[in-house]
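Q: all I have is the shape, not the residue letters:
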């Protein structure tokens, strides 16, 4: 969580105004609650998106009282409009590893009707599908150029039948070329300019 908190704080300092934040794979809303605690008054508005019906019920319960947020229940994917159903891989995580294919929307489709004038930070945590969802967010990435923090887990990419390099391909296609790497404990590892497969 430390890299995300620092990213939100730095975006706030750069823009000199509260930021617009999108959390894809928001689960029960713990990330937003943490940001409200650690980065008070730094969020102008937020959008939390999750496709799991049980997590979404908790999300609504935990964040429904916050007036500056929009909660969206949606299964996201790439422009092909199909994703495998979400299944629990452990108590706190749902991943698109199911057998049945489901209709899915893109992040571009979800955010377009919201009439955003800006988007400052985009976070995805989708247990193997982050690259695919970023593929469905190219309009958002090109239009708003938000700082992006995503989970990269090659093992979960394989488990969800996704390519581990998609994250980076999409980001490069959308004009991003600096990647900061952190380990699973939030400790800085290194940075790269572009990426080397």
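A: On my side now, so go ahead. This one's a predicted model, so the numbers in the text were calculated from it and none came from an experiment.
Q: isn't residue 111 up against residue 47?
A: Yes. Residue 111 lies in contact with residue 47 (C-beta atoms under 8 Å); the separation is 7.1 Å. C-betas here are computed from N, CA, C, even on glycine.
Q: tell me, what's touching those two both at once?
A: Any residue near both residue 111 and residue 47 by C-beta atoms under 8 Å, 6 or more residues apart in numbering counts here, and that gives residue 22.
Q: can you list the strands that the lengthiest strand in the chain pairs with?
A: Longest strand in the chain, counting residues (DSSP state E): strand 43-50. Strand 43-50 has its sheet partners listed here by DSSP bridges as strand 19-24 (parallel), strand 69-73 (parallel).
Q: any idea how far it is from the chain center?
A: 10 Å (C-alpha atoms, centre = their mean, to the nearest Å).
Q: residues making contact with the least confident helix or strand in the chain by mean pLDDT?
A: Lowest on mean pLDDT, DSSP states H and E among the helices and strands of the chain sits strand 87-90, with a mean of 84. With contacts defined as C-beta under 8 Å, 6+ apart, strand 87-90 is touched by 94, 95, 96, 97, 98, 127, 159.
Q: contacts only, for the residue lying closest to residue 118 once chain neighbours are set aside.
A: Take residue 118 and drop its neighbours on the chain: the residue closest to it by C-beta to C-beta, 6 or more residues apart in numbering is residue 20, 5.5 Å away. Under the criterion of C-beta under 8 Å, 6+ apart, the neighbours of residue 20 are 43, 44, 45, 46, 116, 118, 119, 120, 121.
Q: now the third one. Nearest residue, chain neighbours left out?
A: Yep, that's residue 45 we're talking about. Nearest non-adjacent residue to residue 45, counting by C-beta to C-beta, 6+ apart: residue 68, 4.8 Å away.
Q: that neighbour: neighbour count?
A: Other residues lying near residue 68 total 12 when counted by other C-beta atoms under 10 Å.
Q: gap between it and residue 12?
A: Using C-beta to C-beta, to the nearest Å, residue 68 is found at 14 Å from residue 12.
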